[in-house]
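Undergrad: Provided below for reference: sequence and predicted model.
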Amino acid sequence: MKFVNRLAVLTLATVAASQAYAADDAKCPQTMKVGDTFEVSLETNASTGFQWQIHEKTDNVTVVSNRIQSSPSDSNMPLVGVPSQQLWVFKADAAGHAKIQLVYVRSWEADQVAKQWVCQNTITG
């Protein structure tokens, strides 16, 4: 239990330092400048078949990276059935209205969205 509490504290500290946003957090940058980047950290569990996918994204935002960060274990091996974090990094490329919508779906049930994360903001020059 101590490990879980420490992990939660470390995760919160990391999120606060990097200005990342979680799926259940309504925050997203309201305004950005061209060239700015921001990170979104979303809980995922590949063993369930679910993953986060882009459903909608305006052309003035690009995906810099999308990776899975497993929860650390004592053996340094990923644990089956344990949630991990899917980390997305986006970059503002051009001025205007921006929208990103991510959905949590199974590839064979793409029309059945379990969760979603939406960010709308304004990019300035």
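TA: In hand now; what should we look at?
Undergrad: contacts for stretch 48-55 next, please.
TA: Outside stretch 48-55, the residues within contact range by CB atoms under 8 Å, 6 or more residues apart in numbering are 42, 44, 63, 86, 88, 100-108, 110, 113-114, 116-117. Every C-beta, even on glycine, is put in place using the N, C-alpha and C of the backbone.
Undergrad: give me that answer again for 7 Å
TA: Surrounding stretch 48-55, the residues in contact under the criterion CB atoms under 7 Å, 6 or more residues apart in numbering are 42, 44, 86, 101-106, 114.
Undergrad: just the buried residues out of these, in PyMOL syntax.
TA: This is the PyMOL syntax for the buried subset of the contacts of stretch 48-55, where burial follows 16 or more other CB atoms under 10 Å:
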select buried, resi 42+44+86+101+102+103+104+105
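Undergrad: taking the contacts of stretch 48-55 together, which two end up most distant?
TA: Across these, the two members that end up farthest from each other (CB to CB) are Gln101 and Arg106, 17.4 Å apart.
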